[in-house]
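1. pasting the sequence and the predicted coordinates here, then a few questions.
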Amino acid sequence: MQEEILRLQNITKLFAGSKIPAVNNVSLRLKEGDILGLLGPSGCGKTTLLRIVGGFEYPQTGEVIIGKNKVYCPVTWIPPEKRDVGIVFQDYALFPHLTVTENVAFGLKNSNQISLKQRVSEVLNLVKLENFGKRYPYELSGGQQQRVALARALAPKPKLMLLDEPLSNLDIQVRLQLREEIRDILKFAGTSAIFITHDQEEALAIADVVGVMRQGHLEQIGTPELIYSHPISRFVAEFVTQANFLPALRQGNLWQTEIGTFELEENHAQDRGEIMIRQEDLILEVDGDADADAQIKITRRHFLGREYRYCLQTPSGREIHARTMTDIVLPEGTSVKLSIADDAVRIFPE
Ligand SMILES: Nc1ncnc2c1ncn2[C@@H]1O[C@H](COP(=O)(O)OP(=O)(O)OP(=O)(O)O)[C@@H](O)[C@H]1O
Ligand SMILES: [Mg+2]
């Protein structure tokens with residue numbers, strides 16, 4: 001059975017002069033070896049929560065337990081350097097006057113020369129920079145600099161890595177490649193991690209567990225699959241899946257919308273709500289004989305390589321979006337019929 005590497009118990013942090021807590025009663029548990037992807041809009045408290053785990057911020061209430069050590073509770077305070085965590089920031093934060101090797105060795109001051117050399121070479125191998133030890137940070141690309149930062153943080157073999165948007169300064173190609181590599185590197189090293197990102201796809205791809213934050217709260221936490229297929233609220237659904245939302249009226253088990261009626265298992269007392277349909281779950285077919293006032297029309301089409309993204313206008317003038325593979329191409333202006341599997345639809349009551 002996996003041991004627990006991190007437990008947060010009712011953590012609240014209110015900054016001086018602020019009326020709303022930056023982190024509000026957050027509790028979570030992380031298993032050893034797992035990567036937690038922490039996702040949420042700007043200002044929702046992600047960095048503050050990470051800084052509390054790292055020991056750079058004092059919460060007002062709660063407990064932080066890393067491995068078996070209680071590192072924070074109202075009567076205990078373990079400083080950052082004794083918490084056994086490694087940290088990687090968005091801006092690399094390398095020492096410009098030190099070489100790659102010296103940067104990586106920086107966190108290993110207490111080792112003897114032989115084990116230091118060995119460990120530096122091990123982690124540089126791990127991040128595929130074994131031939132870059134003599135270079136200075138300015139002689140490296142952004143992606144390479146971030147690998148050095150990762151190697152430096154991993155060198156002392158921390159129990160827990162804290163990564164605050166480590167990829168957001170990189171361009172998309174490097175970002176996609178490095179996100180896979182970071183996952184592989186952490187998994188290979190067996191290091192647990194918290195990985196903060198704004199990017200829902202990045203969180204789903206890199207993490208074993210995804211936490212979605214909203215205004216200081218942890219709104220939902222679960223596997224990427226669970227968060228994607230069973231978002232607990234409209235906020236999570238919108239943030240994680242970029243789905244369509246349409247007003248719906250209930251009659252028994254049937255929910256009526258302007259694009260069709262859906263039979264849903266979920267039992268709700270409310271008669272009004274919004275249905276959620278993911279963009280990839282809308283299937284488009286040409287509709288030759290729709291009434292003029294009941295038409296769903298393609299207003300725009302964007303080619304995205306692997307797929308097209310269609311903007312559709314519903315009879316009431318609402319805009320919804322569909323993404324489909326590129327095998328069928330429908331021109332702008334076409335009237336379409338939509339087919340949607342009932343199990344692809346979710347309802348959020350009002
Ligand atoms: N040192 C501070 N003093 C006062 N308020 C702060 C401080 N640091 C952060 N805050 C506030 O706390 C809230 C949460 O900030 P935080 O940096 O944790 O958000 P975030 O989710 O990391 O955002 P982003 O995605 O933009 O990095 C914000 O409202 C912010 O203004
Ligand atoms: Mg932040």
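-> Right, received. Where do you want to start? Ligands and ions are numbered 1, 2, ... in the order given.
2. give me the low-pLDDT residue ranges for the stretch 251-350 of the chain?
-> 342 (pLDDT under 70).
3. which residue does it bring closest to ligand 1?
-> residue 348 (23.8 Å; C-beta to the nearest ligand atom). (C-beta placed from N, C-alpha, C; glycine too.)
4. near that residue, how many other residues are there?
-> 20 (other C-beta atoms under 10 Å).
5. nearest residue to it other than its sequence neighbours?
-> residue 234 (4.5 Å; C-beta to C-beta, 6 or more residues apart in numbering).
6. is that neighbour in contact with residue 245, as I believe?
-> Yes: with contact defined as C-beta atoms under 8 Å, residue 234 counts as touching residue 245 (6.9 Å).
7. need the overlap of contacts for those two.
-> 274, 276, 348 (C-beta atoms under 8 Å, 6 or more residues apart in numbering).
8. from residue 248, how far out is the first one?
-> Just to be clear, that refers to residue 274. 6 Å (C-beta to C-beta, to the nearest Å).
9. flag every buried residue along stretch 170-186.
-> Buried residues in stretch 170-186, counted by 16 or more other C-beta atoms under 10 Å: 170, 174-175, 178-179, 181-183, 185-186.
10. what about the residue in the stretch 151-300 of the chain positioned nearest to ligand 1, neighbour count?
-> Across the stretch 151-300 of the chain, the shortest distance to ligand 1 (C-beta to the nearest ligand atom) belongs to residue 198, at 5.7 Å. Residues lying near residue 198 (other C-beta under 10 Å) number 15.
11. my read: it touches residue 175, true?
-> No: here residue 198 does not reach residue 175: they are 11.9 Å apart, not a contact under C-beta under 8 Å.
12. between those two, which contacts overlap?
-> Going by C-beta under 8 Å, 6+ apart, residues that sit against residue 198 and also against residue 175 are residue 168.
13. report pLDDT for the nearest residue to residue 107 once chain neighbours are set aside.
-> Sequence neighbours aside, residue 156 is the residue nearest to residue 107 in space, at 4.8 Å (criterion: C-beta to C-beta, 6+ apart). In this model, residue 156 is scored at 92, pLDDT.
14. wait, what's in contact with residue 156?
-> 86, 107-108.
15. so it, which state does it fall into?
-> coil (DSSP: H, G, I helix; E, B strand; the rest coil).
16. how far away is it from residue 169?
-> From residue 156 over to residue 169 (counting by C-beta to C-beta), the distance is 24 Å.
17. thinking residue 57 is in contact with residue 47, fair?
-> No: between residue 57 and residue 47 there is no contact under C-beta under 8 Å: 9.1 Å.
18. those two: who's more crowded?
-> Per other C-beta under 10 Å, whichever of residue 57 and residue 47 has more neighbours is residue 47, with 21 against 17.
19. element containing the more buried one, please.
-> Residue 47 is located in helix 46-54, with elements delineated by DSSP states H and E.
20. give the other helices and strands that the helix or strand following that helix contacts.
-> Once helix 46-54 ends, the next helix or strand along the chain (criterion: DSSP H and E) is strand 61-66. The contact analysis (3 or more C-beta pairs under 8 Å, 6 or more residues apart in numbering; DSSP states H and E) places strand 61-66 against strand 4-13, strand 23-31, helix 46-54, strand 69-73.
21. now do 6 Å
-> Counting contacts by 3 or more C-beta pairs under 6 Å, 6 or more residues apart in numbering; DSSP states H and E, strand 61-66 packs against strand 4-13, strand 69-73.
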